[in-house]
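Q: predicted model, plus sequence, below.
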Amino acid sequence: MTEALRVYRLYLQNDLLPLTASQREDVVADRWRAITPQSIPIADLPAEMALAQAERLTADAGRQAEAMALLEGLLARHGHSEELAPRLLLALGNLHALRGETDRACTMWLDAARRFPLDSRAPAAAERAAALLSAAVLEPGAAPALDELYERALTLIIERFPQSAAFDRWAYERGLLLIRRARFDEAADSLALVAAGSALHVDAAFQVVQARWKQAAAAPTPEEQRALLSQVRAAADRASDLADRARQGAPQEAARLADLLYYRVAAQVRAAQAQRGLGEYEAALQRLERLEETPGVEDALAAEIVDARISVLEALGRTDRIENDLRELTQRSPQRALGFITRIVSARLAEAQHLVDSGDEAAASSMARERIEPLSRLGHSIAQPLSASGENGLAATLAHADALRLAGEHLSALAAYEQVLVWRETSAEAVLGRSECLFQLDRWADALPGYQRLADASAAAHSATFWLAELRILQVFDRARRNTDRIHPRIGRLRLIDPQLGGPRFRPHFAVLEDRYAP
């Protein structure tokens, strides 16, 4: 056996053979698995042979635990060996991957690539980790630690293995990840690494626009925001031009042509939105004129174009033009106009709700009165002759009810919610809106069943709806002077679910009740 080891080691060191080092290792491992006597315990074999046998065991689901113990033991003894440690780490990673242990598999592969970058298998190990994590981080409920591991993998490839054939893909994916993590400068730097000749070059240019746009929205000062909006405008013009040239260049598949059209038009929208933020209203309006009529533009993007144009017209004080444009659109295509308006209203309602969640209800109410309710009223009027109880009509009526409620028009909102509930009695949004209106109108006995229904339905999720419903139930008890003995114990039980009582939006209101009814 000693002589066999000597001969095989000489073979592994023979760089004149037409095989890479890793290919020679595979040949030797296969041979050792074939010739090693089964009578010799694996733990008693020389390390190279033991590794080969442990790798054989990984294919047997019933012996994977044994293989894991063998490999971990070998790693403990040979973890600093330039020859064995990379192979041991890769084998352990492969075994963890077979067992569905993504984080541990990728940790092993990345450790091998980081510690032994000159090993011929190192680049493939890093890329294997990146590919597995690329899918894993998008799974519902993925642990935040996977994002950290994914970034480590991508950064390792970019810094250590720039010769990778898939380098552009990894630079692009790293840019997307850093955008998600709100590290916008780093994201733009990573996206800039995508080569001009790459199939992802236009995609990367568009994502730079998105990164700068989100960065501008989060800018801490007006001066910084203006500087970033100027960058948005420049990056958007570049991305739009690149997409246009790509569409007019070499023949492309239909799906790719659709992507390039989206980039070209969406970049124009971002440029116009940046110009609006910079006060360049007329230039923004000119950029947006009839843009939604571009052949092939999908409704979701068309709605964003119309919304952007409305925002510019609002800034210019041309409210008559807004209504005229929308009514003209309605005459051409009522269903499409209704879809646009409903999308716009929904986006603005989400913005207003964010203000409510952050404690600025006055700003939300002002926004609802000035920028949401007029549009929702128009959508509601369009929906009526288009089969109001259908999906479009129901969505338009619910959006109008939400806008009225946020604007403080509780009686009108209540009537709209009740109409929605006639069409769909299970609508949780309508139940919540109706209950909120009744609460604000001091009709507490009527509001209570809706809150109780919502609290029961959302008890497992502990969502914002759950906490609002629980708070309102206790506030009804307080205002109606009934069941007040239940208030303090119920808050105590809610603290067991979340010591923060749903967070800053709800906690202060619970605290008032808790102090008032403390034993």
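A: Looks like it arrived, so ask away. Residues are numbered from 1 along each chain as shown.

Q: residue contacts, Pro519?
A: His488 (Cβ atoms under 8 Å, 6 or more residues apart in numbering). From N, CA and C alone the C-beta is placed, and that goes for glycine too.

Q: please tell me how far it sits from Asp485.
A: Applying Cβ to Cβ, to the nearest Å, the value for Pro519 to Asp485 is 10 Å.

Q: ok, now Val137?
A: For Val137, the distance to Asp485 (Cβ to Cβ) stands at 49 Å.

Q: now Asp357, nearest residue through space, not along the chain?
A: Computed as Cβ to Cβ, 6 or more residues apart in numbering, the closest residue to Asp357 that is not its neighbour in sequence is Arg505, at 5.3 Å.

Q: which neighbouring elements make contact with the helix or strand hosting Ile310?
A: Using DSSP states H and E, Ile310 maps to helix 299-316. Under the contact criterion of 3 or more Cβ pairs under 8 Å, 6 or more residues apart in numbering; DSSP states H and E, helix 299-316 touches helix 254-277, helix 281-288, helix 319-332, helix 334-357.

Q: quick one: buried residues of the third one?
A: Of the residues in helix 319-332, those scored as buried under the neighbour-count criterion (16 or more other Cβ atoms under 10 Å) are Arg321, Ile322, Asp325, Leu326, Leu329, Thr330.

Q: tell me where the model's unsure across the stretch 301-450 of the chain.
A: Along the stretch 301-450 of the chain, segments meeting pLDDT under 70 span 386-390.

Q: what about 80?
A: 323, 335-336, 384-393 (pLDDT under 80).

Q: so Gly379 sits against Ile341, correct?
A: Yes - counting by Cβ atoms under 8 Å, Gly379 does reach Ile341; the two are 3.8 Å apart.

Q: so what sits against both of those two?
A: Counting by Cβ under 8 Å, 6+ apart, the common neighbours of Gly379 and Ile341 are Ala396.

Q: I'd like the mean pLDDT over the helix or strand hosting Ser190, please.
A: In the assignment (DSSP H and E), Ser190 maps to helix 184-191. In this model, helix 184-191 carries a mean pLDDT of 97.

Q: contacts for it, please.
A: 158, 171-172, 174-179, 204-205, 207-208, 211-212, 214-215.

Q: buried set for it?
A: In helix 184-191, counting by 16+ other Cβ under 10 Å, buried: Phe184, Glu186, Ala187, Ala188, Asp189, Ser190, Leu191.

Q: test my guess that Ser458 contacts Glu470.
A: No - Ser458 is beyond contact range of Glu470, at 9.4 Å (criterion: Cβ under 8 Å).

Q: out of these two, which sits in the more crowded spot?
A: Glu470 (26 against 19; other Cβ atoms under 10 Å).

Q: helix or strand for that one, which one?
A: helix 464-480.

Q: what packs against that helix?
A: Judged by 3+ Cβ pairs under 8 Å, 6+ apart, the packing partners of helix 464-480 are helix 428-440, helix 444-457, helix 487-497, helix 507-516.

Q: let's see that with 7 Å instead.
A: helix 444-457, helix 487-497, helix 507-516 (3 or more Cβ pairs under 7 Å, 6 or more residues apart in numbering; DSSP states H and E).

Q: restrict that helix to CA atoms and write it as PDB.
A: Taking C-alpha atoms only, helix 464-480 is exported to PDB below (Å, rounded to 0.1, in the frame of the first residue of the first chain):
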ATOM      1  CA  ALA A 464     -50.500  45.300  11.500                       C
ATOM      2  CA  THR A 465     -54.200  44.400  11.000                       C
ATOM      3  CA  PHE A 466     -54.100  42.200  14.100                       C
ATOM      4  CA  TRP A 467     -52.600  44.900  16.300                       C
ATOM      5  CA  LEU A 468     -54.900  47.600  15.000                       C
ATOM      6  CA  ALA A 469     -57.900  45.400  15.700                       C
ATOM      7  CA  GLU A 470     -56.700  44.500  19.200                       C
ATOM      8  CA  LEU A 471     -56.100  48.200  20.000                       C
ATOM      9  CA  ARG A 472     -59.500  49.300  18.700                       C
ATOM     10  CA  ILE A 473     -61.300  46.500  20.700                       C
ATOM     11  CA  LEU A 474     -59.700  47.900  23.900                       C
ATOM     12  CA  GLN A 475     -60.300  51.500  22.900                       C
ATOM     13  CA  VAL A 476     -64.000  50.600  22.300                       C
ATOM     14  CA  PHE A 477     -64.200  49.100  25.800                       C
ATOM     15  CA  ASP A 478     -62.600  52.300  27.200                       C
ATOM     16  CA  ARG A 479     -64.800  54.800  25.300                       C
ATOM     17  CA  ALA A 480     -68.000  52.800  25.800                       C
END
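
Q: so which of the helices and strands packed on helix 464-480 is the most packed in?
A: Ranked by mean neighbour count, the helices and strands packed on helix 464-480 are led by helix 444-457 with a mean of 18 (mean count of other Cβ atoms under 10 Å).

Q: contacts for that one, please.
A: 428, 431-432, 434-435, 438-439, 465-466, 469-470, 472-473, 476, 479-480 (Cβ atoms under 7 Å, 6 or more residues apart in numbering).

Q: go through those residues and name the one nearest Leu92.
A: Phe466 (43.3 Å; Cβ to Cβ).

Q: what distance separates stretch 257-269 from the centre of its chain?
A: 21 Å (Cα atoms, centre = their mean, to the nearest Å).

Q: as JSON lines, the buried residues of helix 184-191 with distance to Gln286 would be great.
A: As requested, the buried residues of helix 184-191 are exported to JSON lines (distance: Cβ to Cβ, whole Å):
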{"residue": "Phe184", "distance to Gln286": "28"}
{"residue": "Glu186", "distance to Gln286": "34"}
{"residue": "Ala187", "distance to Gln286": "30"}
{"residue": "Ala188", "distance to Gln286": "28"}
{"residue": "Asp189", "distance to Gln286": "33"}
{"residue": "Ser190", "distance to Gln286": "34"}
{"residue": "Leu191", "distance to Gln286": "29"}
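
Q: got the buried residues for the helix or strand where Gln207 lies?
A: According to DSSP H and E, Gln207 maps onto helix 201-217. Neighbour-count burial for helix 201-217, counted by 16+ other Cβ under 10 Å, picks out 201-216.

Q: same check on stretch 464-480?
A: 465-478.

Q: what does stretch 347-359 give?
A: Arg348, Leu349, Ala352, Leu355.

Q: which strands or helices does the helix or strand containing Ala131 pack on?
A: Under the criterion of DSSP H and E, Ala131 resides in helix 122-136. Other elements packing on helix 122-136 under the criterion 3+ Cβ pairs under 7 Å, 6+ apart are helix 102-115, helix 144-160.

Q: what about it, distance to the chain center?
A: Between the centre of helix 122-136 and the centre of its chain there are 20 Å (Cα atoms, centre = their mean).

Q: how about stretch 334-342?
A: With Cα atoms, centre = their mean, you get 27 Å for stretch 334-342.

Q: try stretch 206-224
A: Chain-centre distance of stretch 206-224: 18 Å, with Cα atoms, centre = their mean.

Q: export that stretch to CSV, keeping only CA atoms.
A: What follows is stretch 206-224, C-alpha atoms only, in CSV (Å, rounded to 0.1, in the frame of the first residue of the first chain):
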residue,chain,number,x,y,z
PHE,A,206,-30.8,50.4,-16.0
GLN,A,207,-30.2,49.0,-12.5
VAL,A,208,-27.7,51.9,-11.9
VAL,A,209,-30.7,54.2,-12.6
GLN,A,210,-32.8,52.3,-10.0
ALA,A,211,-30.0,52.4,-7.5
ARG,A,212,-29.5,56.2,-7.8
TRP,A,213,-33.3,56.8,-7.7
LYS,A,214,-33.7,54.9,-4.5
GLN,A,215,-30.7,56.6,-3.1
ALA,A,216,-32.1,60.0,-3.9
ALA,A,217,-35.4,59.1,-2.2
ALA,A,218,-33.5,58.3,1.0
ALA,A,219,-31.1,61.3,0.8
PRO,A,220,-30.8,63.1,4.2
THR,A,221,-30.7,66.7,2.9
PRO,A,222,-32.2,68.6,0.0
GLU,A,223,-28.8,69.4,-1.4
GLU,A,224,-27.8,65.7,-1.5
